[in-house]
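# Give me a 3D structure for the following:
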Amino acid sequence: MTMIPNQARKLRVLVVDDSSFMRMVIRNVLEKDPGIEVVGVAADGVEGVEKAHNLKPDLITMDIEMPRLDGISALRQVMAKCPTRVIMVSTLTCEGAKATFDALDAGAIDYIPKNVTDSADAQRAFREDLLRKVKGSAGSFLGRSVAAAASTPRIVVPSRPIARPAGQKFQYVGIGASTGGPVAIQEVLGRIPGTFPHGIVVAIHMPKAFTGPYAERLNTKCSLQVKEANDGDIVQPGVVLVTPGGKHTALVRQGSGIAIRTISTAECPQYIYVPSVDHMLTSFADVANGSLLGVILTGMGADGFKGMKHLKEKGGGTIVQDEATSTIYGMPRACIEGKVADTVLPLSQIGPEIARIAG
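Numbering: from 1, shown residues only. Have a look, this model is predicted:
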């Protein structure tokens, strides 16, 4: 597992896309940043693999749909011949979402929704997303795998397990993630038995078109029932609700239960990341009365820290993914350095720990 060296040289990027327009757009956005150098462009997967081998870039932006060799096949060849950080450029469609998740399984570290329309807002959002993820990749690990995670020793910070008052148990679980999260969440949920007696809510930074297909994918790979949350859904035992993309989600009391309430981004402009993990966990903690277990997995930035802090103040417990198995250590690091992590674990141990202490 390697990281890009922390030095003054520019981040070297290869752009692979069959659209000359997209190659131009991506190149222009990246080259305006003084810390980035576009070292080459390629018009299809075959050329992309060849240039990846010859140019040895720090990172590749890879289109999915291309002639001669599609992006996922090219990604697999790159990872086999010259392992490199790859960010997929995906269309905002159901098919594009499914292909993106296949690419993440094959080793891509992240994805950027291809949403370059005539809308000035959409163009600005694409530029910001592209730069944030490309620059953030400099702190990512290459060669992350579940197999590697399985052999990683347990680390506890502080040196004690989550303790509960006598007779008090966790009744709900809230999970947050970002970069590297699609694969990490699948790994965590896949290790929780279908008989798990509590409801789970997952917030992951994804566009609107992606959360539905992602929930469907998880549902086929996990023993638990997984679905995209709808406004008004009740948190139920053994069911995982994935908060919908493009908006924020709050948890509210509804009778004797807890329900999903979706909120437009305009109502909560203070949150940069959508859906906000902070907002989900904070509202969940307020209605769970100390019975919420919060979990923060790999991701860029610090979303989730404020929610975990509030959760702790309400009497809940927290688990955070360790550095060694995180694709991007930003979100876990914020929780650990902010002293709101009860237990820090490698990815492969988080699902079993959730099942153990909340089962």
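# Can you spell out which residues form a bridge with L345?
Using DSSP bridges, the bridge partners assigned to L345 are Q321.
# What separation do you get for it and A184?
L345 sits 12 Å away from A184, going by C-beta to C-beta, to the nearest Å. Heads up, the C-betas are built off the backbone N, CA and C, glycines and all.
# Have a look at the two and say which one is more surrounded.
A184 (27 against 24; other C-beta atoms under 10 Å).
# Spatially nearest residue to the more buried one (excluding sequence neighbours)?
L297 (4.5 Å; C-beta to C-beta, 6 or more residues apart in numbering).
# hmm, back to that, what is in contact with L345 and A184 at once?
Jointly contacting L345 and A184 under the rule C-beta atoms under 8 Å, 6 or more residues apart in numbering are Q321.
# V183 and L104 touch, don't they?
Yes: if you go by C-beta atoms under 8 Å, V183 and L104 touch, sitting 5.5 Å apart.
# who's in contact with the residue nearest to A184?
Listed by C-beta under 8 Å, 6+ apart, the contact set of L297 reads 175-177, 180-181, 184-185, 188, 321, 326, 331-332, 347, 350.
# Check these against A80 and report the nearest one.
A80 lies nearest to G180 out of the contacts of L297, by C-beta to C-beta, at 20.5 Å.
# doesn't Y329 make contact with the closest one?
No: between G180 and Y329 there is no contact under C-beta under 8 Å: 9.6 Å.
# Tell me which of those two has more neighbours.
Between G180 and Y329, counted using other C-beta under 10 Å, the more crowded position is G180 (27 against 22).
# how close does that one sit to G194?
Applying C-beta to C-beta, the value for G180 to G194 is 25 Å.
# same question, G35
As for G35, its distance to G194 is 47 Å (criterion: C-beta to C-beta).
# Quick one: end-to-end length of stretch 244-258, please.
17 Å (C-alpha to C-alpha, to the nearest Å).
# can you map out the strands along the stretch 251-359 of the chain?
Assigned by DSSP state E, counting those that start in this stretch, the stretch 251-359 of the chain shows strands spanning 257-263, 292-296, 317-321, 343-345.
# With mean pLDDT and distance to N219 as new columns, can those be given to me in TSV?
Compiled in TSV, these are given as follows (pLDDT from 0 to 100; distance: least, C-beta to C-beta, whole Å):
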stretch	mean pLDDT	distance to N219
strand 257-263	96	17
strand 292-296	97	19
strand 317-321	95	23
strand 343-345	94	25
